[in-house]
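> Using only what follows, build the 3D model:
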Amino acid sequence: MNIQEVNVFLDNYTQPYKHLGLHRMKAIMELLGDPQKKMHFVHVAGTNGKGSCSAMTESILRHAGYRTGLFTSPHLIRFNERMQVCGVQITDDELAEIMTEVVAANDQLEEKVNWFEIVTAAGLLWFYKQKCDIVVLEVGVGGEFDGTNVIDVPDVAVMMNIGLDHTGQLGDTVEKIATTKSKIIKENGTAVIYRGKESVEKVIEDRCAEVNARLVKADFDSIVLVSENSFQQTFDVGERKNIQIPLIGEHQRKNTSVVLSVIDVLREKGFEISEEDVYEGLKNVTWPARMQVLQKDPLFILDGGHNPQCVEAVMASLDDLVSSGQKLVFMSGILKGKDADEMIKSLSEQSKDFVFVAPETHRAQTADDLSAIALAFGCNTTVCSSVPEAIQTSISLAGTDGIVCCVGSLYLAGEVLDYFYGRAF
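The predicted model follows:
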């Protein structure tokens, strides 16, 4: 396969998702030589924050001199974003070579793997061929039957903030969702968790007890904010003072605390990571579309938040950025199956001015439908037919002294980044 054939394959492969077990993944990985059994992993699950956690952890490990793999989803602009080694995306030629091997293996299976499982198999095989010392592996959906859970016991299993998302697949309560996600914690392993609802922590505690895994809870109590602006923040976590990250918001301070616990566990397991590596890795982390400032005058902020919990975090961050009397315009596009009513209701408490657009995916809700929801909450709405039109309209409505905040979908975030930066973000 060449890259054009790979792109056509990925765009058209429609094997149904079946969350009934890992037998398909185990079968295809066996045909590929079980590369996942020969690597070290940090396995990251959760509803919110797992991408930020993964990016920060990888950055620290890379600064410590390790050859790192990073597997994340979804991509914002290019599929290649999903697989990176030492911060560099897989090339088109490498992707074509790996996918040729994976598709050939899949063709041998009586029961074919689904789309995400094919992508996961390709990532695992590529990381092995790239001789990665350690891979930071972000779960796609859930945990127990997610394709990434084909790995054996990871060096660290990470449970980030858990909320209500993918309820049709994972359960209709945070406790049920936590039960599914906690299955990445394996026999005699180590788990690090984001502090959350007591009942959710109890689920994870029970899982750790069941499989004799060590449990480490991130330290949120010692977080002290030193300073924050629209581009970065400085804060303390326990004995670590003046940590700097180019990500804003209280939730990112908490995410960082989780990462610090992960790094401490890895040190205990023999990984050589200095404090300078920790500080430099955090200071230089790159993770687009997380309260990312794309321009000034007006300030244009982009966040890929796509559920009510994400919206809460965005609003908390905006509280510190929006001055009294300053006009705030929300630009939004939301996918079907997401709790658009709750997201828009929450956002409307901070501003009544909305611009809606549908991201270019069949999964998007129409801009007219989103507008109808906002109108019911007493908002002023503008419906646009394209992302460029929505960006220009939002900027015009905000005025030079205002703020535009784009939120609602990572698919939308990718199109916005493409508008501002093209493929070089």
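> Please count neighbours and contacts with C-alpha atoms only from this point.
OK.
> helix/strand/coil for K338?
Assigned with DSSP: H, G, I helix; E, B strand; the rest coil, K338 falls in the coil class.
> so it makes contact with G305?
No - using Cα atoms under 8 Å, K338 is not in contact with G305, being 11.1 Å away.
> So these two - more neighbours on which side?
G305 (25 against 20; other Cα atoms under 10 Å).
> pull the longest helix from this protein.
Across the chain, the longest stretch assigned as helix under DSSP state H is helix 250-268.
> which parts of that helix are buried?
By 16 or more other Cα atoms under 10 Å, the buried positions in helix 250-268 come out as 250-263, 265-266.
> any idea which of the residues you listed is the one closest to D155?
L266 (7.1 Å; Cα to Cα).
> Next SSE downstream of the longest helix of the chain?
helix 275-283 (DSSP states H and E).
> per-residue confidence averaged over that following helix?
The average pLDDT within helix 275-283 is 98.
> what do you get for stretch 400-413?
94.
> what's the longest helix of the chain in contact with?
49, 52-53, 56-57, 155-156, 158, 160, 192-194, 216-220, 223, 235, 237, 273, 313, 316-317 (Cα atoms under 8 Å, 6 or more residues apart in numbering).
> So among these, which ones count as buried?
Buried, going by 16+ other Cα under 10 Å: 49, 52-53, 56-57, 155-156, 158, 160, 192-194, 216-220, 223, 235, 237, 273, 313, 317, out of those.
> Isn't S371 up against C384?
No - taking contacts as Cα under 8 Å, S371 lies outside contact range of C384: 10.4 Å.
> Can you pick out the residue with more neighbours from these two?
Neighbour tally, S371 and C384, criterion other Cα under 10 Å: the higher count belongs to S371, 22 against 18.
> And that one, which helix or strand is it part of?
Short version, using DSSP H and E: S371 is in helix 367-376.
> before we move on, what about E110?
Under the criterion DSSP H and E, no helix or strand holds E110.
> tell me, how many neighbours does it end up with?
9.
> Backbone dihedrals for the residue most central in space within the chain, both of them.
When Cα atoms, centre = their mean is applied to the chain, the residue found nearest the centroid is G51 (3.0 Å). Reported as degrees, to the nearest 10, the phi and psi values for G51 are phi -70, psi -40.
> quick one: low-confidence parts of the stretch 101-250 of the chain?
164-172 (pLDDT under 70).
> Would you state the helices of it in chain order?
115-129, 167-170, 174-181, 198-210, 250-268 (DSSP state H, counting those that start in this stretch).
> Put together CSV for these, with distance to S324 on each row.
Listed next are the helices of the stretch 101-250 of the chain as CSV, based on distance: least, Cα to Cα, whole Å:
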stretch, distance to S324
helix 115-129, 45
helix 167-170, 37
helix 174-181, 36
helix 198-210, 36
helix 250-268, 21
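> between those, which gets nearest to T393?
Using Cα to Cα, the nearest of the helices of the stretch 101-250 of the chain to T393 is helix 250-268, at 29.6 Å.
> give me the number of residues near L412?
31.
> What strand or helix carries it?
Using DSSP H and E, L412 falls in helix 410-421.
> again, but for V329
Using DSSP H and E, V329 sits in strand 328-332.
> tell me the angle whichever helix or strand comes after that strand makes with strand 328-332.
Next helix or strand after strand 328-332 toward the C-terminus (DSSP H and E): helix 340-348. In terms of direction (axes from the mean of the first three to the mean of the last three Cα atoms, to 10 degrees), helix 340-348 departs from strand 328-332 by 160 degrees.
> Relative to the whole chain's centre, how far out is the longest helix of the chain?
From the chain centre to the centre of helix 250-268 is a distance of 16 Å (Cα atoms, centre = their mean, to the nearest Å).
> angle of it against helix 275-283?
Helix 250-268 and helix 275-283 are oriented at 150 degrees to each other (the same axes, to 10 degrees).
> For helix 250-268, output the C-alpha coordinates as CSV.
What follows is helix 250-268, C-alpha atoms only, in CSV (Å, rounded to 0.1, in the frame of the first residue of the first chain):
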residue,chain,number,x,y,z
GLU,A,250,-6.9,24.7,37.4
HIS,A,251,-7.6,21.4,35.8
GLN,A,252,-4.1,21.5,34.1
ARG,A,253,-2.5,22.0,37.5
LYS,A,254,-4.3,18.9,38.7
ASN,A,255,-3.3,17.0,35.6
THR,A,256,0.3,18.0,36.3
SER,A,257,0.1,16.6,39.8
VAL,A,258,-1.0,13.3,38.4
VAL,A,259,2.0,13.4,36.0
LEU,A,260,4.4,14.1,38.8
SER,A,261,3.1,11.0,40.7
VAL,A,262,3.6,8.9,37.5
ILE,A,263,7.2,10.1,37.2
ASP,A,264,7.8,9.3,40.8
VAL,A,265,6.6,5.8,40.3
LEU,A,266,8.7,5.4,37.2
ARG,A,267,11.7,6.5,39.2
GLU,A,268,11.0,3.8,41.7
